[in-house]
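Novice: sequence first, then the predicted structure, then my questions.
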Amino acid sequence: MNAPVFHMLAGAPDPVAPFSHAVESDGWVLVTGQMPFLGTGLESGYPDGIEAQTHQVMKNLATVLEGCGLGLEHVLQVRVYLTEFQRDYDRMNAVYASYFPAGRRPARTCVGVTGLAKDALIEIDMVARRPGAGGQA
């Protein structure tokens, strides 16, 4: 096993706690959950509503992946956290589905939670895999 690489990426939102944007080992890239920050600063605010927050979280995740030389097509697993599960689940899914082609969607878990950092409605984390890592394309 190679030594892990701890990615802190320019252009991605500042972490809300002491963690890296992503950690990589042997081609696996674990992307820390992203919040719907409109900018890189923790006081940059969130857009209104679950649809806009979902789009912003996906944009922030794409920024982290891009900084690691990857894209959404390399994502294998996703976890979604919603503070208003019953209210927002269907609307979040409609936005989320637009980021992955049918037949090529990552494995996913979606969980209702009692709260998220800075009062976000949604947080999403991801696991990606580098092409060719471990002898697989």
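Specialist: Thanks, I have it. Numbering: from 1, shown residues only.

Novice: quick one, phi/psi of residue 127?
Specialist: As for residue 127, its main-chain torsions (degrees, to the nearest 10) stand at phi -120, psi 130.

Novice: for this protein, what spans make up the strands?
Specialist: For the chain, the strands identified by DSSP state E occupy 5-7, 22-25, 28-34, 75-82, 107-112, 122-129, in order along the chain.

Novice: how about the ones you listed, which one is nearest residue 96?
Specialist: Between residue 96 and those, the shortest gap by C-beta to C-beta is with strand 75-82, which sits at 7.1 Å. In this view, the C-beta of every residue, glycine as well, is placed from N, C-alpha and C.

Novice: who does that closest one touch, helix- and strand-wise?
Specialist: Strand 75-82 makes packing contacts with helix 85-97, strand 107-112, strand 122-129 when contacts are defined by 3 or more C-beta pairs under 8 Å, 6 or more residues apart in numbering; DSSP states H and E.

Novice: neighbouring strands for the shortest one, and are they parallel or not?
Specialist: Listed by DSSP bridges, the sheet partners of strand 107-112 and their directions read strand 75-82 (parallel).

Novice: nearest to residue 50, of the strands of the chain?
Specialist: Using C-beta to C-beta as the measure, strand 122-129 is the one of these that comes nearest residue 50, at 6.5 Å.

Novice: as a whole number, average confidence for the closest one?
Specialist: Averaging pLDDT along strand 122-129 gives 98.

Novice: what angle do it and strand 28-34 make?
Specialist: Angular relation of strand 122-129 and strand 28-34 on a 0 to 180 degree scale: 170 degrees, by axes from the mean of the first three to the mean of the last three C-alpha atoms, to 10 degrees.

Novice: just checking, residue 73 touches residue 104?
Specialist: Yes: at 7.4 Å, residue 73 counts as touching residue 104 under the criterion of C-beta atoms under 8 Å.
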